[in-house]
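Colleague: What follows is a protein structure lacking sequence information:
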């Protein structure tokens, strides 16, 4: 478990960016939770990406024992696919430090476009990724990876 003293020593604090209709909500928690959700319609501004990138750069130098990345986009444009792929590639480096990395790519039931984007990112970057189909509010079905109570594993 990461203590407050460790976080202070690492000079890393929680970063939360509220989402809008066109930009995603971002939660970057040094205890190991990293979440991107919502819509990414606009090309992410340099300041938006820079603040996230700088946080990730600090985090990967001394990550939590387990990093859980949750990606739950309703839409992600092509330019932002590259931005978020770059962030995921950096986060993948925590595995080189013998830390656990779990990435859950959550997409709406029947949204094959978002599934395919996640699959392309995972295969291109050789990332371990769980694909989670969101059936209803607060109910998901896992296609692979860790089992979760209240969810059914998709074959």
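Modeller: Yep, that arrived. None of these values were measured; they are calculated from a predicted model.
Colleague: got the residue ranges for the helices in the chain?
Modeller: 4-10, 46-59, 78-91, 112-125 (DSSP state H).
Colleague: Comparing these by mean pLDDT, which bottoms out?
Modeller: Ranked by mean pLDDT, these end with helix 4-10 at the bottom, a mean of 54.
Colleague: So which of the helices of the chain is nearest residue 135?
Modeller: Closest of those to residue 135 is helix 112-125, at 13.6 Å (criterion: Cβ to Cβ). (C-beta placed from N, C-alpha, C; glycine too.)
Colleague: What residues sit buried inside the closest one?
Modeller: Residues of helix 112-125 classed as buried by neighbour count (16 or more other Cβ atoms under 10 Å): 114, 115, 117, 118, 121, 122.
Colleague: That one versus helix 78-91: what angle between them?
Modeller: 40 degrees (axes from the mean of the first three to the mean of the last three Cα atoms, to 10 degrees).
Colleague: Show me what helix 112-125 packs onto, helices and strands only.
Modeller: Judged by 3 or more Cβ pairs under 8 Å, 6 or more residues apart in numbering; DSSP states H and E, helix 112-125 is in contact with strand 66-76, helix 78-91, strand 100-108, strand 129-136.
Colleague: Check which residues of stretch 70-84 are buried.
Modeller: By neighbour count on 16+ other Cβ under 10 Å, the buried set for stretch 70-84 is 70, 71, 72, 73, 76, 77, 80, 81, 83, 84.
Colleague: That one: how far from the chain's middle?
Modeller: Its chain's average C-alpha position is 10 Å from that of stretch 70-84, according to Cα atoms, centre = their mean, to the nearest Å.
Colleague: cool, and stretch 68-83?
Modeller: Averaging C-alpha positions (Cα atoms, centre = their mean) puts stretch 68-83 8 Å from its chain's average.
Colleague: Quick one: end-to-end distance for it.
Modeller: 19 Å (Cα to Cα, to the nearest Å).
Colleague: Save the helices of the chain as JSON lines, and put in distance to residue 103 too.
Modeller: Output for the helices of the chain, formatted as JSON lines (distance: least, Cβ to Cβ, whole Å):
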{"stretch": "helix 4-10", "distance to residue 103": "22"}
{"stretch": "helix 46-59", "distance to residue 103": "14"}
{"stretch": "helix 78-91", "distance to residue 103": "7"}
{"stretch": "helix 112-125", "distance to residue 103": "8"}
